[in-house]
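1. Model the following, please.
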Amino acid sequence: IASKITAASLVAAASLLGPHVAPAAPQKIWNSCASGVPQESIKACTRIISRPRQETSQSLAKAYVGRGYANYRQQNYTAAISDYTKAIALDPRFVTAYINRGVVYRKTNEFERAIADYGMAIRLDPNLAAAYNARGIAYRHLGQYDNAIADYDKAIGLSPDYATAYSSRAFAYMAKGDIDKAIADYQTLIRMGKELARSNYEIGRAYEQRGAPDQA
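-> Here you go, the predicted structure:
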């Protein structure tokens, strides 16, 4: 499903330990903060956060993102948003914090806020295909299919093998009634060997809507 929130939309645990940051907390604590295991991560990240004078702003921001991700995994969305917001306050150019907060906003159906966060991530890193795809999904939920398709186009232009973007764009084309374009995207996915079961099902449905079920 194009709008499914996956781990790929969120921070990878290893990315919490950026090479430009020299955290004061022991490596073991940072590893636990970045583990993605909710209770372990929350405990370790909170320990780092509780010692602000011993950490740089960037390392504290990473700890907040680690705890935010753990809160997200526990479906504690209010706490996750709070943690990501604090991370952004500490490091306003922290792209991952904007993307992750956008994911939570999308999960809570706050699509305009999600679009704003993805937009900020794109301004900071214009080559981030995943951010364009994510913003496209938020636009699609608002029925803004042309905006969504424009973002999927950009994601595919940046990453031509990005299967999720093709699937997302096909979904938007179907919603608009552009059946031939949707079929073309599903055919691309099939050629790529991606999402085969779903693509074959959807392309059959598209042919039926076009009135040519024998081509399915």
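2. okay, and for the protein, where does confidence drop off?
-> 1-24, 195-205, 207-216 (pLDDT under 70).
3. can we see that at 80?
-> 1-25, 194-216 (pLDDT under 80).
4. Could you tell me which residues within whichever helix in it runs longest count as buried?
-> Ranked by number of residues, the top helix in the chain under DSSP state H is helix 57-73. For helix 57-73, burial by neighbour count (16 or more other CB atoms under 10 Å) applies to 58-73. Where C-beta positions appear, they are placed from N, C-alpha and C, glycine not excepted.
5. now do stretch 141-159
-> Buried-residue list, stretch 141-159, by 16+ other CB under 10 Å: 144-145, 147-152, 154-156, 158-159.
6. can you tell me which of those residues lies nearest to residue 180?
-> Checking the buried residues of stretch 141-159 against residue 180 by CB to CB gives residue 149 as the nearest, at 13.9 Å.
7. What strand or helix carries the closest one?
-> helix 145-158 (DSSP states H and E).
8. which strands and helices sit next to that helix?
-> With contacts taken as 3 or more CB pairs under 8 Å, 6 or more residues apart in numbering; DSSP states H and E, helix 145-158 sits against helix 129-141, helix 163-176.
9. Could you check how far the last one is from the centre of its chain?
-> Which is helix 163-176. 16 Å (CA atoms, centre = their mean, to the nearest Å).
10. Quick check: next helix or strand after it?
-> In N-to-C order, the element after helix 163-176 by DSSP H and E is helix 179-192.
11. Look up how far residue 185 lies from residue 194.
-> Going from residue 194 to residue 185 by CB to CB, to the nearest Å gives 11 Å.
12. Need the overlap of contacts for these two.
-> 166-167 (CB atoms under 8 Å, 6 or more residues apart in numbering).
13. More neighbours: which of these two?
-> Neighbours per residue, other CB atoms under 10 Å: of residue 194 and residue 185, the larger number sits with residue 185, 26 against 16.
14. Neighbours of the closest residue to residue 153 other than its chain neighbours, how many?
-> Among residues not flanking residue 153 along the chain, residue 169 sits closest, at 7.3 Å (CB to CB, 6 or more residues apart in numbering). For residue 169, the count of nearby residues is 30 (other CB under 10 Å).
15. Residue 169 against residue 186, yeah?
-> No: the criterion here is CB atoms under 8 Å, and residue 169 misses it with residue 186 at 10.1 Å.
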